[in-house]
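Undergrad: Below: sequence and its predicted model.
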Amino acid sequence: MGWFTSLFFPAAATNSRKGQAMSSTHEAFSLPTSSPVFSTHPHAFSAETLGTPDPEGSLSPSYTYPPQSSSSYGYFPTSSGSSRPPSLLPTHYDSLHTPVSPSIPYPPLEKTWNRLRLWLNREYPELGDTLNYGILPQDLAQIEMQFGFALPAVVRESYLLVDGQEAESSAGCAEGLFYGLTLLPLEDVYEEWRFWREVDSDPTTGANVQLKEVMQSLPPGWVRKEYSQRGWIPLISDKTGNYVGIDLNPAENGSVGQVIVFGRDFDTKVVLWNGDGPVGWAKWLASFVDDLEVGEGFEIGTSNEASSDSEDSLGYESYFYDGHGRGQGDGGGDAGHSGLRLTGEYKGWNVLEALADRSVRKWYDVRVITDAAILPDGDLKNKVSGYACCNDGSFKSLR
């Protein structure tokens, strides 16, 4: 199969996890009794705080997936109050949750979200209607208390502006914002994260030594070689257990706050291009809006247009595919997929794999990755959508 799919789905690891239920009954951590905005609360970036929790903790009921909901940037000066343009978004700031500017400058999130709103209002208002208003500060504080640590400043600031997406807009749009991938409301972020804490101590997955040995990081040494990790906070989901999120407990060469692709289908975790560093979320989100404004590499399609591309409709199926539907969640390929769709060399790709592939190439171009062996030999079209998953977990060519 293609080089990139082989990189993410080693056969041994794939077979070992096929059909396994992730249902450890051990609670991953004890909820704190104080607000995370005070000094007595565990620090968000402490390796000790973010380590794999003690499996001898208190018991909790097990549950299955999905969990039930209860270009580079330089200096961007922050505008003064008198010169700031009026926001298109209601903002919820208070004395405890004002945007905290890290020492490293970053694209202002209010400006980024306003740019995105303007583009959506002009090009795709139905999708723009799925964006929620910002979360209230007291609700954000409560969720942080459930996490047991404060979220990075740029993530908090972002959610005070836009609290993810509704499942469906008033206009009937149910598309994910990121080429079909959904921006999770903060409450759902916590539920997804909590689900994965059941996996940390599962001897067949998170605590499986053999499985950890096949985990990889790109760039090397930036992400911990784990199957699941308490420091990985999911923000964007494909609805099948794979995510774009932030990494609060990186490996020795990584940075707290870097944006990564991870999940049950990704044995190789990738730091996304423009998502490196402590303010990775702000930089990566701004770069996504840049791509939309340039208007290259994607199209706004319809399900009828997608279904006419018979070859591309053969896309990749996850090894968790159950025989009903496509088994890909949101953004698993462009077949039957309306809304924002990738085009060009990534047409038909699983969106998360396309983001990861593009990032790996960019890191290689700037010599952060120096091993050419991980890159494809020539043909960029030898892509994931050219293969399908068999019942035994192996893949066969559809060409």
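TA: Here it is on my side, so go on.
Undergrad: What segments of the chain are strands?
TA: Using DSSP state E, the strands of the chain run over residues 182-183, 216-218, 232-237, 242-247, 258-263, 268-271, 298-301, 339-342, 387-389, 395-397.
Undergrad: The ones you listed: which one's closest to residue 140?
TA: strand 232-237 (13.6 Å; CB to CB). Any C-beta I mention is one placed from the backbone N, CA and C, and that applies to glycine too.
Undergrad: Strand 258-263 and the closest one, what's the angle between them?
TA: When axes from the mean of the first three to the mean of the last three CA atoms, to 10 degrees is applied, the directions of strand 232-237 and strand 258-263 differ by 80 degrees.
Undergrad: Residues contacting strand 232-237, please?
TA: Strand 232-237 is contacted by residues 151, 155, 176, 178, 181-184, 188-189, 192-193, 196, 243-249, 260, 262-263, 281, 329-330 when judged by CB atoms under 8 Å, 6 or more residues apart in numbering.
Undergrad: give me that answer again for 7 Å
TA: By CB atoms under 7 Å, 6 or more residues apart in numbering, the surrounding residues in contact with strand 232-237 are 178, 181-184, 189, 192-193, 243-248, 260, 262.
Undergrad: and which of those residues is nearest residue 371?
TA: Checking these against residue 371 by CB to CB gives residue 260 as the nearest, at 19.1 Å.
Undergrad: so where's this structure uncertain?
TA: For the chain, residues meeting the criterion pLDDT under 70 lie at 1-102, 302-338, 376-399.
Undergrad: If we use 80, what do you get?
TA: Across the chain, the ranges flagged by pLDDT under 80 are 1-103, 167-172, 301-338, 374-399.
Undergrad: All the helices of it, in order from the start?
TA: Here the chain has its helices, by DSSP state H, at 3-8, 11-17, 47-50, 109-123, 125-128, 137-147, 153-161, 186-200, 209-213, 280-294, 303-307, 351-365.
Undergrad: Any chance of JSON lines for those, columns mean neighbour count and distance to residue 103?
TA: Converted to JSON lines, these look like this (neighbours: other CB atoms under 10 Å; distance: least, CB to CB, whole Å):
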{"stretch": "helix 3-8", "mean neighbour count": "19", "distance to residue 103": "34"}
{"stretch": "helix 11-17", "mean neighbour count": "17", "distance to residue 103": "39"}
{"stretch": "helix 47-50", "mean neighbour count": "15", "distance to residue 103": "20"}
{"stretch": "helix 109-123", "mean neighbour count": "18", "distance to residue 103": "17"}
{"stretch": "helix 125-128", "mean neighbour count": "18", "distance to residue 103": "33"}
{"stretch": "helix 137-147", "mean neighbour count": "18", "distance to residue 103": "22"}
{"stretch": "helix 153-161", "mean neighbour count": "25", "distance to residue 103": "11"}
{"stretch": "helix 186-200", "mean neighbour count": "22", "distance to residue 103": "25"}
{"stretch": "helix 209-213", "mean neighbour count": "12", "distance to residue 103": "34"}
{"stretch": "helix 280-294", "mean neighbour count": "21", "distance to residue 103": "14"}
{"stretch": "helix 303-307", "mean neighbour count": "14", "distance to residue 103": "45"}
{"stretch": "helix 351-365", "mean neighbour count": "22", "distance to residue 103": "24"}
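Undergrad: one step back: please report which of the contacts of strand 232-237 has the highest neighbour count.
TA: In terms of neighbours by other CB atoms under 10 Å, the contacts of strand 232-237 top out with residue 260 at 29 neighbours.
Undergrad: May I have the beta-bridge partners of that one?
TA: Beta-bridge pairing for residue 260 (DSSP bridges): residue 245, residue 271.
Undergrad: For it, list the residues it contacts.
TA: Counted by CB under 7 Å, 6+ apart, residue 260 has contacts 223, 232, 245, 247, 269-272.
Undergrad: With respect to residue 118, which of those residues is nearest?
TA: Using CB to CB, residue 272 comes nearest to residue 118 of the contacts of residue 260, at 23.9 Å.
Undergrad: ok, now which ones touch that closest one?
TA: 244, 259-261, 284, 355, 359.
Undergrad: Could you rerun that using 10 Å?
TA: 244, 258-261, 280, 283-284, 287-288, 352, 355-356, 358-360, 362-363 (CB atoms under 10 Å, 6 or more residues apart in numbering).
Undergrad: Quick check: the residue nearest to residue 301 when sequence neighbours are not counted vs residue 348, distance?
TA: Among residues not flanking residue 301 along the chain, residue 341 sits closest, at 4.7 Å (CB to CB, 6 or more residues apart in numbering). Distance, residue 341 to residue 348, using CB to CB, to the nearest Å: 9 Å.
Undergrad: Equivalent analysis for residue 249, please.
TA: 34 Å.
Undergrad: So for those two, which sits in the more crowded spot?
TA: It is residue 348, of residue 249 and residue 348, that has more neighbours when counted by other CB under 10 Å, with 26 against 23.
Undergrad: Please report the distance of the more buried one from residue 105.
TA: 38 Å.
Undergrad: Backbone dihedrals for the closest residue to residue 200 other than its chain neighbours, both of them.
TA: Using CB to CB, 6+ apart and skipping the chain neighbours, the partner closest in space to residue 200 is residue 206 (4.3 Å). Residue 206 adopts backbone torsions of phi -60, psi -30, taken as degrees, to the nearest 10.
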